[in-house]
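S.K.: Here is a sequence with its predicted model. Questions after.
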Amino acid sequence: MEDFAEFVGLSRPTVSKYFNDPGSVRRKTRDLIEVALKQSGFRPNMFAVNLNRRRSNILGIIIPNSTDPFYMALTRRVELIANASGFLAFVLSSDGNAEMEARAIETFKSMNVAGAIIAPLGVQSHHETLRSLAESIPLIFVDSPLDDTSPFVGTNNRQSFQLIVDYLCRSGEPPCYLGMPPVNTNAGTRETAYIEAMSQLRMEPIVLPIAKTAGWDFEKFGYEETLRILENGGFPTGTVLCANDRVAFGAISAAYHAGIKVGRGQDRELRIAGHDDHPLSRYACPPITTVAQSYNDIGRIAMELLLRKLGEEDAGSTPEHEEQVLLNAEIILRESA
């Protein structure tokens, strides 16, 4: 930076001021610096700059699966808002591994990030590592909460399951429930929500026993569990409600390979519904009836909470309580149920 300032013929503070906010220097000075940038090819090391600041302009994002379209869409929304607010969003994936999640947290600490949005593994997460990070910077959790008090933005599973269970019971046989591996708190929360919804309708909940696995390959899990159930006499009802759409993908595929027709209509043998409105659910065969959680709203509100906390931090104030925002879902009726 000193060499570049000498090259331009300006003081280092003036050059630093330009890189922090180009609009904060006079137009003539800005033009001079930008011509020098083209001539020299100089670019400041923004990570080094941020390490020297009390608070950087970097925001961290940790997701459990970088290939899942839901998390891809969520992080894109967060990145757009972060960029518009003058922050650089840096995304790391835990790949469903608690040790990689802990390593990502330590990486963000070393980068002096200003705050972070995290979709935690939950059950497997190193809770103390996350709490330690929360003591130093503002954190917002998305998709599944770390606990009952942490700042969180996600779907109201109780409302969404009431919606889908009510529809399935009114339109055909009551659903049995095909859960998901216990990789985060959604596994238990959604099962409980299904049981509550069935009980409110005075129906007997039927939770299918599933294999004890902790992997994130939900499609494979749904496929293998459905094949096992079909080979052992079939489902107890003609309707299956899956914990999420990815499990439903696998269940529909297994039914197809077993020669079972899935969907609505008298020539169909099985109805299969999901949850989340995964971006590819509309393209399944048949397209999946589900409930939609809005990744756009989750990302937007999570960023609003994080930016507000960053503002409160600057003002030296502390929130009186931690925010937990649960968004209602809407039912998406398609051909699978």
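M.R.: Done, it's in.

S.K.: how about the helices in this protein?
M.R.: 2-8, 12-20, 27-40, 46-51, 69-84, 98-110, 127-136, 157-171, 186-200, 218-231, 245-257, 295-315 (DSSP state H).

S.K.: okay if I get these as CSV plus mean pLDDT?
M.R.: Output for the helices of the chain, formatted as CSV (pLDDT from 0 to 100):
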stretch, mean pLDDT
helix 2-8, 87
helix 12-20, 82
helix 27-40, 89
helix 46-51, 55
helix 69-84, 90
helix 98-110, 87
helix 127-136, 78
helix 157-171, 97
helix 186-200, 95
helix 218-231, 96
helix 245-257, 97
helix 295-315, 82
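
S.K.: Quick check: which of those is buried the most?
M.R.: helix 245-257 (a mean of 24; mean count of other Cβ atoms under 10 Å). For glycine as for every other residue, the C-beta is placed from the backbone atoms N, C-alpha and C.

S.K.: how much space is there between Glu2 and Arg43?
M.R.: From Glu2 across to Arg43, the span is 15 Å (Cβ to Cβ, to the nearest Å).

S.K.: what do you get for Glu6?
M.R.: Glu6 is 17 Å from Arg43, by Cβ to Cβ.

S.K.: Then Phe141?
M.R.: Phe141 is 34 Å from Arg43, where distance means Cβ to Cβ.

S.K.: The two: who's more crowded?
M.R.: Neighbours were counted for Phe141 and for Arg43 using other Cβ atoms under 10 Å; Phe141 has more, 26 against 9.

S.K.: Which strand residues bridge the more buried one?
M.R.: Per DSSP bridges, the residues bridged to Phe141 are Ile118, Phe152.

S.K.: Check the contact between it and Ala134; I expect there is one.
M.R.: No - look at Phe141 against Ala134 with Cβ atoms under 8 Å: they stay out of range, at 9.5 Å.

S.K.: shared neighbours of those two, anything?
M.R.: Ser150 (Cβ atoms under 8 Å, 6 or more residues apart in numbering).

S.K.: Was I right to think Thr290 contacts Ala248?
M.R.: Yes - contact criterion Cβ under 8 Å: Thr290 and Ala248 qualify, at 7.4 Å.

S.K.: For these two, list the residues in contact with both.
M.R.: Common neighbours of Thr290 and Ala248, counting by Cβ under 8 Å, 6+ apart, are Ala273, Gly274, Ser281.

S.K.: Now rank the residues you listed by neighbours and give me the top one.
M.R.: Gly274 (31 neighbours).

S.K.: what about that residue, distance to Gly299?
M.R.: Taking Cβ to Cβ, one finds Gly274 at 21 Å from Gly299.

S.K.: same question, Arg170
M.R.: Shown here: Arg170 relative to Gly299, a distance of 33 Å by Cβ to Cβ.

S.K.: Pretty sure Ala255 sits against Ile272.
M.R.: Yes - counting by Cβ under 8 Å, Ala255 touches Ile272, with 7.0 Å between them.

S.K.: list the residues that contact both of those two?
M.R.: With Cβ under 8 Å, 6+ apart, Ala255 and Ile272 have common neighbours Val262.

S.K.: count of neighbours near Asp68?
M.R.: Neighbours of Asp68 (other Cβ under 10 Å): 18.

S.K.: if I look at it, how far off is Tyr223?
M.R.: Distance, Asp68 to Tyr223, by Cβ to Cβ: 17 Å.

S.K.: If you count neighbours, what's buried in stretch 281-290?
M.R.: Neighbour-count burial for stretch 281-290 flags Ser281, Ala284, Pro286, Pro287, Ile288, Thr289, Thr290 (criterion: 16 or more other Cβ atoms under 10 Å).

S.K.: Among those, which are located in strands?
M.R.: Counting by DSSP state E, those place Thr290 in strands.

S.K.: Output the buried residues of stretch 281-290 as TSV; include the columns pLDDT and distance to Thr75.
M.R.: Output for the buried residues of stretch 281-290, formatted as TSV (pLDDT from 0 to 100; distance: Cβ to Cβ, whole Å):
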residue	pLDDT	distance to Thr75
Ser281	95	19
Ala284	95	23
Pro286	97	30
Pro287	98	25
Ile288	98	23
Thr289	98	27
Thr290	98	21
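
S.K.: Reformat the buried residues of stretch 281-290 as TSV; add distance to Val183.
M.R.: Formatted as TSV, the buried residues of stretch 281-290 follow (distance: Cβ to Cβ, whole Å):
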residue	distance to Val183
Ser281	20
Ala284	22
Pro286	27
Pro287	26
Ile288	21
Thr289	24
Thr290	19
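
S.K.: Of all pairs in the buried residues of stretch 281-290, which one is the farthest apart?
M.R.: Pro286 and Thr290 (11.9 Å; Cβ to Cβ).

S.K.: which neighbours do these two share?
M.R.: Common neighbours of Pro286 and Thr290 are listed as Arg334 (criterion: Cβ under 8 Å, 6+ apart).

S.K.: Next one: the nearest residue to Trp216 once chain neighbours are set aside from Pro181, what distance?
M.R.: Excluding the flanking residues, the one nearest Trp216 by Cβ to Cβ, 6 or more residues apart in numbering is Gly96, at 4.0 Å. To Pro181, Gly96 is 10 Å away according to Cβ to Cβ.
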